[in-house]
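[1] predicted model follows, preceded by the sequence.
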Amino acid sequence: MRPPSVNDLALRIADVGLPHPLLVIAARAAIAAGDPDSAADEAHRLRRSLLGPAVNATGVLLHTNLGRAPLGHQHSRVPLGNQHSQALLDLEHDSAVRFSNLEFDLASGRRGSRTTHASLLLATLTGAEAALVVNNCAAAVTLVLAALARDRGVAVSRGELVEIGGGFRVPEVMEQSGARLVEVGTTNRTRAADYLAAAERDDVALLLKVHPSNYRITGFTEEADVADLAKIGPPVVSDLGSGLLDERCDWLGQRPDWLADEPGARQTLAAGAALVTFSGDKLMGGPQAGIICGRADLIAACAAHPLMRAFRPGSLVLDALQSVALAYLRRDADAIPFWRMARVPVEELAQRAEALGVGRPSRTTALAGAGSLPGQEIPSAGIELDGDYAAALRAFDPPVIARVNEQTTVIDLRTVDPADDAVVAAAVRQALSQQ
């Protein structure tokens with residue numbers, strides 16, 4: 001029997017909702033497998049492989065595989081005055097074509113710079129003279145090294161030659177930047193005197209401190225602090241990684257215990273760092289971005305470097321980052337989904353777990369995730385199911401992503417928006433019905 005034509009088979013599965021060219025891909029795959037009746041299944045698999053929403057029930061607030069910090073449906077348009085405040089449009093429901101003043105100076109009517117919008121806000125938040133945004137923290141460190149230390153030495157403690165996610169290592173990043181690595185100290189103990197000795201015997205352009213975001217060295221350890229390094233001479237660059245803006249956490253009212261001794265960008269600059277670099281999509285709770293804050297002359301040198309053209313972010317990232325920065329300046333933690341999730345009282349989560357009416361309510365522990373705050377647990381609550389239901393929950397639409405510990409499926413509600421509780425309950429019921 002001859003198989004149906006690819007086009008005819010693609011038309012039969014049009015109700016999947018994919019554009020016709022993708023339905024053709026699914027139809028061809030089914031015919032090639034000798035099973036034309038599987039075309040709809042192929043199309044559903046293709047649809048689920050595209051970027052789409054998912055319910056994070058893992059308890060990991062900054063889940064790298066799920067996009068790290070979730071972004072709220074908000075826009076950063078600022079009223080021009082009280083008389084205009086009612087005229088702002090909710091762009092989420094507005095189909096009109098909208099441009100932005102990304103590189104347009106409204107005062108002069110001439111070309112402007114995309115770096116100015118976020119720079120003022122981030123500098124204000126961190127107490128820096130200036131700020132610059134690139135597309136991720138690895139790019140931020142690479143740009144700083146290339147702009148300020150090419151063909152010169154950069155002193156780094158041997159205990160801070162870390163590897164970050166995806167196999168990227170500090171020595172390799174430094175090599176690509178054109179800077180020369182100068183190792184100082186030992187794996188577990190590095191003193192300010194080690195950096196000083198390197199600066200005196202070598203052509204050292206920068207002293208680099210790298211925060212070991214995703215691991216801890218304990219026991220017989222010592223490290224030099226920024227204040228001591230700032231006295232040596234070369235500019236101190238501190239790669240904070242996780243991106244806590246201010247240790248005081250003014251936007252929360254008080255600093256949570258689970259932040260432990262995480263350094264803040266404001267305090268690191270105040271201690272004497274010439275520059276700090278950190279991620280936008282970790283503890284800051286914004287979009288993926290790399291942020292450089294500090295001395296205006298060093299920021300200007302980075303902004304003028306040719307790599308900036310390759311590393312610069314687009315308008316969507318800058319708009320989302322501006323929205324988050326404005327929320328911090330308003331001290332509106334609830335407008336930042338990461339902090340909204342992190343600060344929910346455990347009792348409230350426990351009440352939601354009871355209200356689901358499925359599974360076994362339990363107390364759980366959540367994590368910051370994304371290499372932030374290793375070993376620090378955040379009290380939480382959710383439900384447990386006896387057995388491994390992870391695959392069945394992922395098969396739901398939208399998928400619910402849970403974790404499994406020793407054949408117990410844990411659904412942690414700290415990372416689930418209350419609006420998705422009904423989705424979680426329905427996914428659990430379906431999973432249980434299929435056992």
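    Sure, I can see it. Numbering: from 1, shown residues only.

[2] and the closest residue in space to residue 40 that isn't next to it in sequence, how many residues sit next to it?
    Once flanking residues are discounted, residue 40 sits nearest to residue 13: 4.7 Å by CB to CB, 6 or more residues apart in numbering. In short, each C-beta sits where N, CA and C put it, glycine included. Using other CB atoms under 10 Å, residue 13 is surrounded by 19 other residues.

[3] for residue 13, which residues are in contact?
    By CB atoms under 8 Å, 6 or more residues apart in numbering, the contact list for residue 13 reads 23, 26-27, 39-40, 43.

[4] now with 6 Å, please.
    For residue 13, the contacting residues are 23, 39-40, 43, by CB atoms under 6 Å, 6 or more residues apart in numbering.

[5] please apply the same query to residue 390.
    Per CB under 6 Å, 6+ apart, neighbours of residue 390: 402, 404.

[6] can we see that at 10 Å?
    Shown in contact with residue 390 (CB atoms under 10 Å, 6 or more residues apart in numbering): 58, 400-404, 409-410, 431.

[7] just give me the closest of those residues to residue 422.
    residue 400 (11.4 Å; CB to CB).

[8] of the contacts of residue 390, which belong to helices?
    residue 431 (DSSP state H).

[9] in this protein, which strand has the most residues?
    The longest strand of the chain (DSSP state E) is strand 372-386.

[10] pLDDT of that one, averaged?
    Strand 372-386 comes out with an average pLDDT of 90.

[11] now do stretch 113-130
    Per-residue scores along stretch 113-130 average to 92.

[12] same check on stretch 313-333?
    94.

[13] now that stretch - C-alpha only, PDB.
    This file holds the C-alpha atoms of stretch 313-333, laid out as PDB (Å, rounded to 0.1, in the frame of the first residue of the first chain):
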ATOM      1  CA  PRO A 313      22.200  43.300  24.500                       C
ATOM      2  CA  GLY A 314      19.100  44.100  22.500                       C
ATOM      3  CA  SER A 315      16.100  46.300  23.400                       C
ATOM      4  CA  LEU A 316      14.000  43.500  24.900                       C
ATOM      5  CA  VAL A 317      16.800  42.700  27.500                       C
ATOM      6  CA  LEU A 318      17.400  46.300  28.300                       C
ATOM      7  CA  ASP A 319      13.600  47.000  28.700                       C
ATOM      8  CA  ALA A 320      13.200  44.000  31.000                       C
ATOM      9  CA  LEU A 321      16.300  45.100  33.000                       C
ATOM     10  CA  GLN A 322      15.100  48.600  33.300                       C
ATOM     11  CA  SER A 323      11.700  47.400  34.600                       C
ATOM     12  CA  VAL A 324      13.500  45.300  37.300                       C
ATOM     13  CA  ALA A 325      15.800  48.200  38.200                       C
ATOM     14  CA  LEU A 326      12.800  50.600  38.600                       C
ATOM     15  CA  ALA A 327      11.100  48.000  40.900                       C
ATOM     16  CA  TYR A 328      14.200  48.000  43.100                       C
ATOM     17  CA  LEU A 329      14.300  51.800  43.200                       C
ATOM     18  CA  ARG A 330      10.600  51.800  44.300                       C
ATOM     19  CA  ARG A 331      11.500  49.100  46.900                       C
ATOM     20  CA  ASP A 332       8.700  47.000  45.300                       C
ATOM     21  CA  ALA A 333       9.900  43.400  45.900                       C
END
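
[14] how about residue 104: what's its closest non-neighbour residue?
    residue 112 (5.3 Å).

[15] dump the residue contacts of the one you found.
    101-106.

[16] 8 Å - rerun?
    Residue 112 touches 101, 103-106, counting by CB under 8 Å, 6+ apart.

[17] do the same with residue 122
    128, 131, 133, 291, 293, 325.

[18] cross those against strands and list the overlap.
    131, 133, 291, 293.

[19] which among those gets closest to residue 2?
    For the ones in strands among the contacts of residue 122, the nearest to residue 2 is residue 133 (57.9 Å; CB to CB).

[20] what is that closest one paired to in the beta sheet?
    For residue 133, the beta-bridge partners under DSSP bridges are residue 291.
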